[in-house]
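# sharing a model prediction with you, sequence too.
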Amino acid sequence: MKYDFFVTGDPIILMSQIGIGLTMIGLIALITYLKKWTYLWKEWFTTVDHKKIGIMYIIAGVLMFFRGGVDGLMMKAQTSRPGLELLNAQHYDEIFTTHGIVMILFMAMPMLIGIMNVLIPLQIGARDVAFPKLNALSFWSFFVAALLFNISFVIGGSPDAGWTSYFPLAGKEFSPDIGNNYYAIALQISGIGTLATGINFIVTILKMRAPGMKLLKMPMFTWTSLVTSVLIVAAFPILTIALLMMTLDRMFGAHFFTVAAGGDPMLWLNLFWLWGHPEVYIVVLPAFGMFSEVIATFSRKNLFGYVTMVVSIVAIAFLSMLVWVHHFYTMGNSAAVNSVFSITTMMIAIPTGVKIFNWLFTMRKGKIQFSNAMLWSLAFIPCFTIGGVTGVMLAMAAADYQYHNTMFLVAHFHYVLIPGVVFAVFAGLYYWWPKMFGFALNEKIGKWHFWLFVIGFNLTFMPMFFVGLDGMSRRMYTYSESTGWAPWLGFSAVGSLVMAAGFAALVYNLYWSFRYASRDVGSDPWDARTLEWATASPVQEYNFAVIPEVTELDQFWKDKKEGTNKIKKEDIKDIHMPSNSAVPIIMGVAFGIVGFFLVFEMFILSAIFSVGIIACLIANSFDYDDGYHIPAKKVLETERKWRGDL
Amino acid sequence: MASQTSTPLEYSTHQNEMTILGFWIFLGAEIVLFATLFAGYFVLENGVADGPTLKDILMMKDVLIETFLLLTSSFTMGLALHQMRQNNLKGMLIFTVITLLLGAGFMYMEINEFIHYVHEGVTMQTSAFGSALFTLLGTHGVHVTLGIGWVILLIIQLVRRGITPVTSRKFFIVSLYWHFLDVIWIFIFTFVYLKGALM
Ligand code: HEM
Ligand SMILES: [Cu+2]
């Protein structure tokens, strides 16, 4: 096998290596100096509280957004002028690969799963998720996988066959370095965690809703999370097997994808997209749910067409399993096959259009408040529509022979993913921040964040449509002056700087708000509609002193109008809570170590450390800890602090 | 706790109910997982690359014995569960141990079968067919092995704690898992071995 343990010979990477080393040492020293290890261990590393787990997911997601964003900026810098050599071809390949993976699996997924974690139990009036310990394991396996994936560029080398890692390119023959092993292993580890999350949330939503909350009385974000969870369970096992085949091919000499030995690279493509297309809906559906909540709240109306919204989500989820071939129209299917998948793909536009109109009608005649969360939702609609319309263009198989693998496609999916996921996450963060932390993010800095990012986004990606139509293929690390693309791409590079400035404004906003924002925002700062606002901000560890009863959609709104949002002292009972556990983090670390050795094909070591995983499973099986109770008296005290009138 | 109550013991708490539902959903994911493996096998089964086909190496007798062992173990697992419902710990343990032995017998036979294939010149590395065959059978075999380990852990807990809501829930779940592996095996038997023998 051919690799250097540490990647050498590139000054940028050397700097990163030193930088990472120093940051690690600095961080460890700082925590030790502040004597925070016990606090971190007790309150965060071993926690099973869905709110804290959610916050950890979000923090990791923001960091990964930074990493993925830096990758994006580097690519934009490289293509800003013709013939530049900031990055060589190999380096460019590595960067678009890690950018794609990081953004989708280690940014979008944790952001959304993080917000789901914080919100779902609150929205349905529950005290936690169905399996709190499993939830922690999901987080740690994601986190460890993200770390593993991210060290690839300094240790051993990054994957470089694109986020799709098509065979034969991703096979041993054409990618002998270990980079692509990172892809196979890190994705596998985080995929296991995601599958567990899917199961956890299905059970939570089906079995833990407050009394009276029928399925059709659930908030829209809960609905979308339920459907996303179902999609996760349906799609992730396909990825598991595809990655297993990849691992066996790359590390154990199997021949799933080797033509000469009877294998078939198209098998990889089919499996990858059988997972990959549902995956894009897995990330976009919860985002739709968040927009629905935000738009209803800030239009001061209930959501228009609730039932059609639900039907649309289910239809989208169903159709999303039937369209995967649209990713390779040009790769030898018959015209009949292409036509079928063309039609199924275009059909998705129907329920999606229904949703767009429902949002518009929700706003119609509403008293719209232009808060930051609402601004992001407003910007989402036109931007996402551009993404959707260009998607329908791509869906036409015959036309796709022109667009396939061009920058037009890259522009299209960024127009779907950035408004659909990133705008949604921003909207969700501004909206639910007070619930999570007890203070709001600054609205004025937020406006800077909003305008810079949205304008920068359009400046960056709009030109890509045109160079794409002009024939620029994707994943090209450089081009010549004579192509005439230079002005477009220069423009686009400037746009990406504006977008980066927007991100900087967000970071400044987080800093500013942590330091200076008013801690007195109340439990319901936006005059909102759903149950999460019926409890304190930040939320107490037990969520609800008394589980609310539900008779209506937007129950909290009704309670406020009718003055029934009070709880009675007599109703407060002892509250049962799950105990913290070290098993998830230890198991996560074990996964990480096993994964690391697998990446480097040190099978004996990885087998030895697998014993750690098994030991965790055994320890867990013998763990009969049944949690503990918070006495009613203590609950009453806590409640009095924020309710005043109890 | 009498066995006549309308809800079985393993469903007696809300947490148990949720855990069992969660496991059903997990089995749904497992179905997708095996379906993907089957799909891969069907795509690649003719990709023998001048090497032997399944028909050349198949030992139908051994496969039949494996099938017999696994199906019987599913039956004894059912009997163990029945004993659990009767609140008869001893009977439950006896049938569980029989189940385990049958499972172990199955694994022994399967490993033998693998060794035979390797001697006949079919390995993971010889052809795409070999890769797909070993991965499909191997994944099932690993599942059975994990199931055996899991049942052993449960036997220890049952001996220590008796039949409680928690142990009964755990046992119910492992029995679901065990039956599931049996169902997968029926598909393997039909669509890998029988089909291979006939083609
Ligand atoms: C933050 C601003 C972003 C910038 C500046 C950016 C820029 C880029 C560029 C320049 C490419 C490569 C084009 C090529 O040469 O083929 C790319 C590819 C890609 N981007 Fe982004 N992007 C950004 C955000 C995102 C987000 C938020 C996501 C997903 C949620 C995303 C997902 C992808 C994917 C999947 C690819 C394809 C990678 C591949 O070809 O394997 N990007 N992006
Ligand atoms: Cu697709």
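Great, that's in hand. Ligands and ions are numbered 1, 2, ... in the order given.
# so for the closest residue to chain B within the stretch 501-646 of chain A, what's the nearest residue that isn't a sequence neighbour?
Taking Cβ to the nearest Cβ, chain B has its nearest neighbour within the stretch 501-646 of chain A at A:S621, 4.9 Å off. Placement of C-beta: from N, CA and C, glycine included. Excluding the flanking residues, the one nearest A:S621 by Cβ to Cβ, 6 or more residues apart in numbering or on different chains is B:L153, at 4.9 Å.
# pLDDT at that neighbour, what is it?
Looking at B:L153, its pLDDT reads 96.
# element containing it, please.
helix B:128-161 (DSSP states H and E).
# which SSE is immediately downstream of that helix?
helix B:165-188.
# how about that following helix: buried residues?
By 16 or more other Cβ atoms under 10 Å in any protein chain shown, the buried positions in helix B:165-188 come out as B:165-182, B:184-185, B:188.
# now for the residue nearest in space to the middle of chain B: which residues touch it?
Nearest to the geometric centre of chain B sits B:L181, at 2.9 Å (Cα atoms, centre = their mean). Taking Cβ atoms under 8 Å, 6 or more residues apart in numbering or on different chains, we find B:L181 in contact with B:L70, B:H140, B:H143, B:V144, B:G147.
# among those, who's most crowded?
Within the contacts of B:L181, neighbour counts (other Cβ atoms under 10 Å in any protein chain shown) peak at B:L70, which reaches 27 neighbours.
# checking that residue next. Helix, strand or coil?
Of the three states, B:L70 takes helix under DSSP: H, G, I helix; E, B strand; the rest coil.
# my read: it touches B:W185, true?
Yes: with contact defined as Cβ atoms under 8 Å, B:L70 counts as touching B:W185 (5.2 Å).
# mind checking the pLDDT average for stretch B:123-134?
So the average pLDDT for stretch B:123-134 ends up being 95.
# quick one: distance of that stretch to the chain centre.
22 Å (Cα atoms, centre = their mean, to the nearest Å).
# what's the span of it from first residue to last?
End-to-end distance for stretch B:123-134, by Cα to Cα, to the nearest Å: 8 Å.
# give the buried residues for stretch A:70-86.
Quick answer for stretch A:70-86 (16+ other Cβ under 10 Å): A:D71, A:G72, A:L73, A:M74, A:M75, A:K76, A:Q78, A:T79, A:S80, A:P82, A:L86.
# give me the element the single nearest residue of chain B relative to ligand 1 is part of.
Closest approach between chain B and ligand 1, counting by Cβ to the nearest ligand atom: B:T36, at 22.5 Å. Here B:T36 sits within helix B:14-44, counting by DSSP H and E.
# quick one: list the elements packing against the helix holding B:L153.
helix A:220-252, helix A:603-621, helix B:14-44, helix B:89-119, helix B:165-188 (3 or more Cβ pairs under 8 Å, 6 or more residues apart in numbering or on different chains; DSSP states H and E).
# just how off-centre is that helix within its chain?
So, by Cα atoms, centre = their mean, the centroid of helix B:128-161 is 7 Å from its chain's centroid.
# which positions within it qualify as buried?
B:128-137, B:139-141, B:143-144, B:147-148, B:150-151, B:153-155, B:157-158.
# let me see the contact set for the residue nearest to B:I173 when sequence neighbours are not counted.
Take B:I173 and drop its neighbours on the chain: the residue closest to it by Cβ to Cβ, 6+ apart is B:F23, 4.8 Å away. B:F23 makes contact with B:I173, B:L176, B:Y177 under the criterion Cβ under 8 Å, 6+ apart.
# per-residue confidence at the first one?
As predicted, B:I173 sits at a pLDDT of 97.
# you'd agree it is up against B:I20?
Yes: with contact defined as Cβ under 8 Å, B:I173 reaches B:I20; the gap is 6.4 Å.
# name the residues of the stretch 1-150 of chain A found near chain B, please.
A:A130, A:F131 (Cβ under 8 Å from any Cβ of the partner chain).
# what bits of the stretch 1-150 of chain A have low per-residue confidence?
A:1-4, A:9 (pLDDT under 70).
# 50 instead?
Applying pLDDT under 50 to the stretch 1-150 of chain A picks out residues A:1-2.
# what parts of it come near ligand 1?
Contact residues, the stretch 1-150 of chain A versus ligand 1 (Cβ under 6 Å from any ligand atom): A:G69, A:G72, A:L73, A:M75, A:K76, A:F96, A:T97, A:H99, A:G100, A:M103, A:I104, A:A108.
# okay, the residues you listed in CSV with secondary structure next?
Below are those laid out as CSV (three-state DSSP):
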residue, secondary structure
A:G69, helix
A:G72, helix
A:L73, helix
A:M75, helix
A:K76, helix
A:F96, helix
A:T97, helix
A:H99, helix
A:G100, helix
A:M103, helix
A:I104, helix
A:A108, helix
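# which one of those residues is nearest to chain B?
A:I104 (20.2 Å).
# still on that earlier bit, pick the most buried one from the helices and strands packed on helix B:128-161.
helix A:220-252 (a mean of 24; mean count of other Cβ atoms under 10 Å in any protein chain shown).
# the helix or strand just after that helix versus helix B:14-44: what angle between them?
Using DSSP H and E, the helix or strand that follows helix A:220-252 towards the C-terminus is helix A:265-299. Counting by axes from the mean of the first three to the mean of the last three Cα atoms, to 10 degrees, helix A:265-299 lies at 140 degrees to helix B:14-44.
# next structured bit after helix A:265-299?
Using DSSP H and E, the first helix or strand after helix A:265-299 is helix A:306-320.
# ok, residues contacting that following helix?
A:216, A:220, A:223-224, A:227-228, A:230-231, A:277-278, A:280-281, A:285, A:288, A:292, A:303, A:344, A:347-348, A:350-352, A:354-355, A:358, A:553.
# which of these are buried?
The buried subset of those (16+ other Cβ under 10 Å) comprises A:220, A:223-224, A:227-228, A:230-231, A:277-278, A:280-281, A:285, A:288, A:292, A:303, A:344, A:347-348, A:351-352, A:354-355, A:358, A:553.
# got the contact list for the residue of chain B closest to ligand 1?
A:P237, A:I238, A:T240, A:I241, A:A242, A:L271, A:L274.
# with B:L69 instead?
B:L102, B:G103, B:G105, B:F106, B:M109.
# change it to 7 Å
B:L102, B:G105, B:F106, B:M109 (Cβ atoms under 7 Å, 6 or more residues apart in numbering or on different chains).
# and those as a markdown table, adding pLDDT and distance to ligand 1?
A markdown table is the format used below for the contacts of B:L69 (pLDDT from 0 to 100; distance: Cβ to the nearest ligand atom, whole Å):
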| residue | pLDDT | distance to ligand 1 |
| --- | --- | --- |
| B:L102 | 97 | 48 |
| B:G105 | 97 | 48 |
| B:F106 | 97 | 43 |
| B:M109 | 96 | 45 |
